[in-house]
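Enquirer: Following is a predicted model, sequence given first.
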Amino acid sequence: MKEVILDCMGEACPVPLIKCQNKIAELEIGDVMIVQIDHSCAMKNVPEWANKEGYNCELEEVDDGEWEVIIEKSR
Amino acid sequence: MSEGTSIRRSSSRAGTTRKPKKNQLPIALAVVVLIIAVGIFASTRSANAAIFWITGIAFGFVLQKARFCFTASMRDPYLTGGTSITRAVLIAFALTTIGFTAIKYGYAVKGLAIPGMSYVVPISGATAVGAIMFGTGMVIAGGCASGTLMRVGEMFHMNMISLVFFIVGSLLGANHFGWWKLNFISNGPKVFLPDYLGWFGAVAAQLTLIAIIYIIAAVYEKRRGGGGAAH
């Protein structure tokens, strides 16, 4: 199981989501991707996308206005 | 989220302790008091100023909490295949269609001048060209007008830069608007649907069109959505 960190700090919509979609394609099933974001829209649309794709997904507010979306490529 | 099961993370990161977050409640209370104080002060000057102040703050709050984003509604169908915000905007259009028609019809029945008719402006190729320019700009800038303001309030730096050039562009545009209006914009026909279809026909036509676009958006998302999981 691999764990990758995707730094999307300072990136506005839709860049974080596009980066996620590109990165997850490189991962294998069981790998975990941690997306660091500080754009509040990405905090909404990245988990929405992950859920739609059927991946396990958690959202954690690590600081005021900074989030980590933890996505497990579960399928 | 999906299963309710916690994702196992490698020990190096899962163990890290976060610095405790500052309690924001005192700031929130101070801001509420400030909003009320400014509202009361504004009401002593003019009733309208107080109403603008309160509705502006209310709109901003709803916009921020709802993550309502016109940019995403136009951009996401192409980029990510998601149309949930597109459909939200269409619902908003449908509601405002009904609301504004009710207001205008109310005035028309009483034989009064219909309010807001100065916003019925000519349509032409200039409308399409302007729409494409605005759409391109808002995707690059990361927000339309309301979205930019909302994200400046969130202290997102990129949109602060957008706001500066948004103001510069608006001033330039306002300065040159007369020339464009004379030479391009005023060439098109003014279309006010109730003049052509009647009040009921206009509402029915517009709602039907919105419904058709809504269905296309929903079908499109399903076709493009890779996951296939129910939303």
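Expert: Alright, I've got the coordinates. What you see is a predicted model; the values in this text were computed from it and never measured.
Enquirer: Any buried residues in the helix or strand where A:A25 lies, and which?
Expert: Taking DSSP states H and E as the definition, A:A25 sits inside helix A:15-26. Under the neighbour-count criterion of 16 or more other CB atoms under 10 Å in any protein chain shown, helix A:15-26 has A:V15, A:P16, A:L17, A:K19, A:C20, A:Q21, A:K23, A:I24 buried. Yep, even glycine has a C-beta here, placed from its N, CA and C like the rest.
Enquirer: Which residues are in contact with the first one?
Expert: Put plainly, it is A:V15. A:C8 (CB atoms under 8 Å, 6 or more residues apart in numbering or on different chains).
Enquirer: the strands in chain A, which residues?
Expert: A:3-8, A:32-37, A:56-63, A:66-72 (DSSP state E).
Enquirer: what would those look like in TSV with mean pLDDT and mean neighbour count?
Expert: Listed next are the strands of chain A as TSV, based on pLDDT from 0 to 100; neighbours: other CB atoms under 10 Å in any protein chain shown:
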stretch	mean pLDDT	mean neighbour count
strand A:3-8	90	16
strand A:32-37	92	23
strand A:56-63	88	16
strand A:66-72	91	22
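Enquirer: Redo those as a markdown table? Include distance to chain B.
Expert: Formatted as a markdown table, the strands of chain A follow (distance: least, CB to the nearest CB, whole Å):
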| stretch | distance to chain B |
| --- | --- |
| strand A:3-8 | 5 |
| strand A:32-37 | 6 |
| strand A:56-63 | 5 |
| strand A:66-72 | 5 |
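Enquirer: Distance to B:V139 for these - can I get that in CSV?
Expert: Listed next are these as CSV, based on distance: least, CB to CB, whole Å:
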stretch, distance to B:V139
strand A:3-8, 17
strand A:32-37, 18
strand A:56-63, 25
strand A:66-72, 22
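Enquirer: And those: which comes nearest B:A218?
Expert: strand A:56-63 (22.9 Å; CB to CB).
Enquirer: What angle do strand A:32-37 and the closest one make with each other?
Expert: 40 degrees (axes from the mean of the first three to the mean of the last three CA atoms, to 10 degrees).
Enquirer: Just name whatever secondary elements strand A:56-63 is in contact with.
Expert: helix A:42-53, strand A:66-72 (3 or more CB pairs under 8 Å, 6 or more residues apart in numbering or on different chains; DSSP states H and E).
Enquirer: lowest-pLDDT helix or strand in chain B?
Expert: Lowest mean confidence among the helices and strands of chain B (mean pLDDT, DSSP states H and E): helix B:11-14, at a mean of 50.
Enquirer: Pull out the buried residues from whatever helix or strand comes next after that one.
Expert: Following helix B:11-14 in sequence order, the next helix or strand is helix B:25-45 (DSSP H and E). With burial defined by 16+ other CB under 10 Å, the residues of helix B:25-45 counted as buried are B:A42.
Enquirer: Return the per-residue confidence for the residue nearest the centre of chain B.
Expert: In chain B, the centroid-proximal residue (CA atoms, centre = their mean) is B:F70; its distance is 4.7 Å. You'll see B:F70 listed with a pLDDT of 87.
Enquirer: Next: B:C144.
Expert: In this model, B:C144 carries a pLDDT of 85.
Enquirer: What about it, how many residues nearby?
Expert: With neighbours defined by other CB atoms under 10 Å in any protein chain shown, the count for B:C144 comes to 22.
Enquirer: so how far is B:F166 from it?
Expert: Distance, B:C144 to B:F166, by CB to CB, to the nearest Å: 10 Å.
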